[in-house]
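Trainee: When you get a sec, could you give me coordinates for this:
(2 chains)
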Amino acid sequence: MKRAHYEKDGVLRPVLQVIAKDPLQHSETELIAKVDSGSEGGLMIPFDDHLKLGLQRLEEPGSKLVARWVLGLTMRQRASRGVFEVGS
Amino acid sequence: MRNVDEGLYRRVKALASLRGRTVGEELNDALATWLTQRTRVELLDRWDAPEKQAVANNRAFEKMRSDLLASHPGEYAVFASRKLVGVFRRKEQAYRAVSGLKGAQAIVANLKASEPHALEIGASLLQEVIG
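Mentor: Numbers count the residues shown, from 1 in each chain, chains lettered A, B, ... in the order given. Model prediction:
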């Protein structure tokens, strides 16, 4: 499994190399995903990659998913199913 | 202007006058600067069409939601261009149906009762977003 850390402000943060695909696996893109130790299993990707994979045409109904940071900030998310490959 | 701080507006107006410009011109510059500091403008342009269609498709889904939940529980409904495209037993069938459609956005809704869900995001990732 490919994994690494990157350094920011003198702190090492864990990352994973991930291949993200649309559910029918017609398109894919490679991402470096930062690991959140409290992750519930989802993968947040930039809107650019969301469009690149065509996931805007496979979205789940809106307003069902909200990202809430520990500090209280919330942000509505656009959600879609996808396929993610981690490791070789 | 409604809901704009009067003192702030007065200062902007005075400065605009000194610079030989209108308040509108100064506001346009300020708004453009505000946008470029917070996001990439071309991304907002690309966001616009899918977002508008998402709103329309979600409205169409919400109107039919309870009927579909009752008549096709557990199945997958596809909405595009503000209309129900079809209901499919398997999600792969729904995904394939979407791939042949036109439009910037579509919804694939699993027809089961579900509550809004909040993802907890760690503070380190917030730093990535705002840092």
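Trainee: Strands along chain B, start to end?
Mentor: Secondary structure of chain B (DSSP state E): strands located at B:76-80, B:83-88, B:106-110, B:117-121.
Trainee: Compare those strands and give me the one nearest residue B:64.
Mentor: For the strands of chain B, the distance to residue B:64 is smallest for strand B:83-88, at 6.2 Å, taking Cβ to Cβ. Heads up, the C-betas are built off the backbone N, CA and C, glycines and all.
Trainee: right, is the closest one up against chain A?
Mentor: No. Strand B:83-88 is not in contact with chain A by Cβ under 8 Å from any Cβ of the partner chain; minimum separation 11.2 Å.
Trainee: what about the closest residue to residue B:107 other than its chain neighbours, neighbour count?
Mentor: Spatial nearest neighbour of residue B:107, excluding adjacent residues (Cβ to Cβ, 6 or more residues apart in numbering or on different chains): residue B:79 at 4.4 Å. For residue B:79, the tally of surrounding residues (other Cβ atoms under 10 Å in any protein chain shown) stands at 28.
Trainee: Which strands and helices lie in contact with the helix ranked longest in chain B?
Mentor: Looking across chain B with DSSP state H, the single longest helix is helix B:41-71. Under the contact criterion of 3 or more Cβ pairs under 8 Å, 6 or more residues apart in numbering or on different chains; DSSP states H and E, helix B:41-71 touches helix A:47-52, strand B:76-80, strand B:83-88, strand B:106-110.
Trainee: Check which helices and strands the last one is in contact with.
Mentor: When you say that, I think you mean strand B:106-110. Helices and strands touching strand B:106-110, by 3+ Cβ pairs under 8 Å, 6+ apart, are helix B:41-71, strand B:76-80, helix B:91-99.
Trainee: Parallel or antiparallel, list what pairs with the second one.
Mentor: It stands for strand B:76-80. Strand B:76-80 pairs in its sheet with strand B:83-88 (antiparallel), strand B:106-110 (antiparallel), by DSSP bridges.
Trainee: Is the closest residue to residue A:50 other than its chain neighbours in a helix, a strand, or coil?
Mentor: Nearest residue to residue A:50, sequence neighbours excluded (Cβ to Cβ, 6+ apart): residue A:56, at 6.1 Å. Judged by DSSP: H, G, I helix; E, B strand; the rest coil, the three-state class of residue A:56 is helix.
Trainee: for chain A, what spans make up the strands?
Mentor: With DSSP E as the criterion, chain A has strands at A:3-8, A:11-21, A:28-34, A:65-69, A:74-76, A:83-86.
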